[in-house]
Structures are given as C-alpha cells and as structure tokens.
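Chemist: sequence first, predicted coordinates after that:
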Amino acid sequence: MRSVPTVASVDGVHVPPAEPKARAYPHPQGLAQLAHSVAIFLQYRLSMKSRTTLLGLILILSIFVPFLGHAAGRDLIVITDMEPDDRIALEIVAARLSSRVQLIGTTVKNSFRKAALVRHQLKGTKLQNIPILVGAGGEAGDYAEIASSKAAREYHQEGVGILSEGELAKLNSPEFLQGSDQLEVGLRKSLTGALQTGNRVEILLLAPPTDLIAVLEAEPRLKEAIKHIHVMGGWVDVKNPKTEAMEKRTTYNVNMDGVASAKLMAMTDISMTLYSSHIIKPNFAGGSVSRTNFPQIIEQIETAQSHGLSTFRIAGKSWDTHLMEMIPPLKNVIGENAGRQFTPADPLVVVGLINPSLIQASVLVDVKIDVADMDVARGFRVDVAENASSRIHLVTEINTSVFASETLQALQKIEPKNSGPLQKLRSALDYCARLLGSQK
Ligand SMILES: [Ca+2]
C-alpha cells in the first residue's frame with residue numbers, strides 16, 4: 001500500500017492546548033440579547049402584531065445568515081478515495097476548512113459507496129449538506145496489477161458496520177449501478193462547472209487525478225482557474241533487483257492511475273505542492289501515526305464521541321485487519337494497533353494547507369512518470385529533476401510537531417459541543433417566546 005505502517009519510537013511532540021471551539025450555529029445568548037434589545041426599542045414604536053412579526057423575522061434571519069455567509073467564497077474542492085487516512089483528513093477539513101469547501105468528489109472503485117460513506121461521515125458537521133459527487137469508479141480489474149495496490153483492489157468490506165446492510169445492498173445492486181454512467185461523470189461535470197465560473201479554486205487531491213485530468217484534457221484552458229493543487233502521491237526509493245542500483249518507483253495513489261498521474265505531473269505550469277511517500281516514511285516511522293509516536297492523537301481518536309471519529313475506528317480496524325490478512329508480515333507491524341493507527345499521508349496534505357509552516361523546505365521539480373516502465377512488484381519508474389521554471393513544489397522537509405498540533409486541535413474541535421445546535425435553537429426559541437409573552 002501507499003505506506004507500510006510500523007510501530008515508531010519517536011515521542012515527545014509538544015501539543016499546545018486546544019484553541020477555543022468555534023460556533024457552528026448562532027449563539028442563543030447573543031440571539032436572545034439582540035432580540036431583547038430590539039424588543040425594548042420596538043415596544044415604543046410599533047403595535048404588538050408588528051413587533052411579533054419583526055421579532056420572528058429577526059430570529060429566522062439570525063438562524064440562516066451564517067449559512068448564507070458560508071455560501072460565498074467557497075474555493076476548495078476535495079477529491080478522496082475514503083481510505084482510513086482520508087477520514088482523518090476529512091475530519092480536519094470539517095473542523096478547519098468547512099467554510100471554503102465547494103464540493104467533495106469520490107474516486108477509485110466503489111466510488112458510489114465512497115460517496116455514501118463521505119455523506120455518512122460528515123453528518124453533524126458543517127459539511128453535512130455539501131455537494132458530494134461520484135467520480136471515476138471502475139472495477140478492481142480496471143487498475144494496474146501492482147503489488148502496492150493489491151490490498152485496495154481486493155477489499156470488499158468497505159462500509160460494513162458503518163452503512164446498514166440495506167444501504168450496502170442497494171449500493172451494490174445491478175439496478176442501482178445501471179445508471180452509473182450518468183453518475184460517474186457527476187464529478188467531472190461539477191469540476192468543469194466550478195472551473196468555468198472564472199473563480200479560482202484550490203484542490204485537495206487525496207486520491208488519483210483521474211477525473212481532474214479528464215476535465216483538463218477536455219478543456220485545457222480550465223487550468224487557468226486552478227490556483228493551486230495540494231496533491232498526495234509520489235514514490236519511494238527502491239533497489240533495482242538486477243542492477244542493485246536505487247531508483248524511484250511510484251506508490252499507491254499513482255499506481256491506481258499511472259497514466260493520469262503522469263499527465264498531471266507533466267502540467268508543470270499548474271502551481272502544486274507535492275507530498276511524496278518518500279518524505280512521509282522517514283518522518284513517521286515508516287508511515288504510521290500510532291500510540292508510540294503520537295499518543296495524544298490516538299487517545300483523542302479512541303475517546304472521541306464525534307460521529308466521524310467513531311466511524312473511523314470501525315473503518316480503520318476493518319482496513320488494518322484486511323491489510324494483515326493480505327500481507328501477513330504486517331501482523332508484526334500493525335498488530336494490536338489495528339484500528340488505532342493511520343498513515344499520515346492525506347491528513348498531512350490538509351495540514352499543509354491550513355498551516356504552511358508544516359513545510360520546512362521544498363524544491364521546484366519536474367516529475368516524469370514512465371508508464372511504459374511498470375514493475376508489478378515496484379510500480380512505475382519515476383525520474384525527478386530540479387527545475388526552477390516548474391511550478392511543482394516537492395516537499396522535502398516537514399515539521400512533524402506542526403502536524404501533531406494541528407491534527408490534534410482539529411480532532412478536538414470537531415467533537416460535539418455540550419449542547420447541540422437543536423438544543424441551542426430550542427433555547428433561543430424559548431427565550432423569544434418568554435420575551436414576547438412578557439410584552440402582552
Ligand atoms: Ca486517499
């Protein structure tokens with residue numbers, strides 16, 4: 001897979017206290033104070049009936065204005081394949097970037113199910129009503145038979161224990177999938193539409209770029225609407241079995257669509273930040289966030305009440321168990337951390353967007369992915385060369401303390417408040433009712 005989880009021995013990450021939790025909905029105290037002030041003013045000016053009508057309008061506006069505000073300025077598109085680390089990434093997006101997200105697309109096989117799982121995970125967050133579009137799906141046989149993607153291609157438990165049996169059966173039914181041609185281009189249509197508006201967007205690419213490339217090939221001028229792409233996908237240095245020389249070979253995201261990935265990397269005129277597996281592994285003890293290296297993050301996940309992190313625990317355990325069945329040596333690596341660890345790959349990309357100080361050094365590069373040189377065991381060959389005129393920023397050094405603090409704060413922030421929005425709304429309504437009653 002993208003990165004082989006290992007148990008780490010790095011500790012001592014300083015994590016500052018969580019920042020104050022932001023309000024997702026109008027604050028009842030503020031609302032009530034506003035209503036009270038207006039009522040005092042109005043009782044000298046208007047009839048009782050007019051006062052009641054106006055107070056009702058104020059209440060309605062106070063509830064909906066925050067949502068109207070969110071509708072403006074959405075300039076972020078997220079494309080995910082909903083692996084366990086995508087779930088952590090989405091939690092961070094929901095906590096920190098919700099007002100910017102325009103749409104979320106799912107890609108890679110089971111993309112319908114992945115879209116349902118995104119919708120399910122985002123329940124109760126500020127992103128619960130965001131458009132979710134299904135992208136390029138396909139069957140396991142549609143992907144190159146490279147060893148690193150075998151576990152993903154042969155994973156059939158996605159969504160089990162999260163979606164109901166009825167929902168899963170529906171998502172897998174031939175009748176449902178028959179209409180898939182229409183739905184499969186949903187993400188492409190929406191991407192095209194978003195880029196055609198002329199408003200520049202940023203893209204969090206947490207999965208292969210299949211749909212993005214299809215859109216840009218159909219209308220190359222749309223590249224100009226892309227402000228920046230934050231992309232997870234790259235390579236590791238491995239030994240050539242014949243020559244014994246080290247060479248670069250692609251990892252999971254690229255292996256799931258080498259052709260599209262090669263085309264994206266050839267677009268050196270698009271500004272991008274590229275996070276490659278080779279930078280993740282050494283900084284995260286082989287590519288894992290576990291109790292050993294980031295105990296506070298794992299404790300937060302294990303004790304979380306939030307819907308998203310609760311489902312992560314189910315999805316993570318299912319995936320880790322599958323990984324160990326597919327690759328038995330991983331039992332020695334994941335072992336009892338199954339469901340209690342994740343690769344930092346996609347979360348890292350989100351943190352880099354939220355807090356650029358994560359990136360301590362980067363270099364402008366050309367990346368050539370040779371799709372003709374595919375090794376079933378090691379992926380596609382990659383050649384990387386510095387090029388000052390390229391706009392692809394390859395991340396070469398990261399600050400894992402920034403990753404830890406931003407991730408932990410976001411996961412704390414997404415936790416349910418003591419009183420939920422419905423409770424707050426009820427409080428505000430009760431207060432207004434009492435206020436109006438006192439006017440009679
Ligand atoms: Ca992903």
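Modeler: That came through, no problem.

Chemist: now find how far off-centre stretch 280-289 is within its chain.
Modeler: 19 Å (CA atoms, centre = their mean, to the nearest Å).

Chemist: can you mark which positions in it are buried?
Modeler: Ile280, Lys281, Asn283, Phe284, Ala285, Gly286, Gly287, Ser288, Val289 (16 or more other CB atoms under 10 Å). The C-beta positions use only the backbone N, C-alpha and C, and glycine is treated the same way.

Chemist: dump those residues into JSON lines; add distance to Leu411 and pLDDT as well.
Modeler: Listed next are the buried residues of stretch 280-289 as JSON lines, based on distance: CB to CB, whole Å; pLDDT from 0 to 100:
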{"residue": "Ile280", "distance to Leu411": "19", "pLDDT": "89"}
{"residue": "Lys281", "distance to Leu411": "23", "pLDDT": "84"}
{"residue": "Asn283", "distance to Leu411": "19", "pLDDT": "94"}
{"residue": "Phe284", "distance to Leu411": "17", "pLDDT": "91"}
{"residue": "Ala285", "distance to Leu411": "20", "pLDDT": "82"}
{"residue": "Gly286", "distance to Leu411": "22", "pLDDT": "77"}
{"residue": "Gly287", "distance to Leu411": "19", "pLDDT": "84"}
{"residue": "Ser288", "distance to Leu411": "17", "pLDDT": "90"}
{"residue": "Val289", "distance to Leu411": "11", "pLDDT": "95"}
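
Chemist: looking at these, which are in helices?
Modeler: Ile280, Lys281, Asn283 (DSSP state H).

Chemist: residue contacts, the last one?
Modeler: For Asn283, the set of contacting residues under the criterion of CB atoms under 8 Å, 6 or more residues apart in numbering consists of Ile398, Thr400.

Chemist: contacts only, for the residue nearest to Met267 when sequence neighbours are not counted.
Modeler: Spatially, and ignoring its direct neighbours in sequence, Met267 is nearest to Lys223 (6.7 Å; CB to CB, 6 or more residues apart in numbering). Applying CB under 8 Å, 6+ apart, we find Lys223 in contact with Leu216, Met267, Asp269, Ile270.

Chemist: find the centremost residue of this structure, please.
Modeler: Leu90 (3.3 Å; CA atoms, centre = their mean).

Chemist: tell me which helix or strand Leu323 sits in.
Modeler: helix 307-326 (DSSP states H and E).

Chemist: what about that helix and the ion, touching?
Modeler: No. For helix 307-326, no contact with the ion is found by CB under 5 Å from the ion; the gap never falls below 11.6 Å.

Chemist: in terms of secondary structure, what does that helix contact?
Modeler: helix 84-96, helix 111-121, helix 150-153, helix 295-303 (3 or more CB pairs under 8 Å, 6 or more residues apart in numbering; DSSP states H and E).

Chemist: give the buried residues for that helix.
Modeler: 307-309, 311-316, 318-320, 322-324.

Chemist: likewise stretch 289-298?
Modeler: Here stretch 289-298 shows Val289, Ser290, Arg291, Thr292, Asn293, Phe294, Gln296, Ile297, Ile298 as buried, counting by 16+ other CB under 10 Å.

Chemist: report how many residues lie close to the closest residue to the residue nearest to the centre of the chain other than its chain neighbours.
Modeler: Nearest non-adjacent residue to Leu90, counting by CB to CB, 6+ apart: Gln121, 6.1 Å away. Applying other CB atoms under 10 Å, we find 26 residues neighbouring Gln121.

Chemist: about what we covered before: ok, so of the buried residues of helix 307-326, who is nearest Lys227?
Modeler: Checking the buried residues of helix 307-326 against Lys227 with CB to CB, the nearest one is Gly308 at 27.2 Å.

Chemist: interface residues of this structure facing the ion?
Modeler: Asp81, Glu83, Asp86, Leu206, Ala207, Asp346.

Chemist: got the buried residues for stretch 107-127?
Modeler: Buried residues in stretch 107-127, counted by 16+ other CB under 10 Å: 107-122, 124-127.

Chemist: next one: Met326 from Asp320, what distance?
Modeler: 11 Å (CB to CB, to the nearest Å).

Chemist: sorry, that was for Ala94
Modeler: In terms of CB to CB, Ala94 sits 23 Å off from Asp320.

Chemist: does Ser261 touch Ile369 like I think?
Modeler: Yes. If you go by CB atoms under 8 Å, Ser261 and Ile369 touch, sitting 5.7 Å apart.

Chemist: name the residues contacting each of the two.
Modeler: Thr250, Val254.

Chemist: give the pairing partners of the helix or strand hosting Val395; include direction for each.
Modeler: Using DSSP H and E, Val395 falls within strand 392-398. If you go by DSSP bridges, strand 392-398 pairs up with strand 272-275 (parallel), strand 359-375 (antiparallel).

Chemist: how distant is that strand from the center of its chain?
Modeler: 20 Å.
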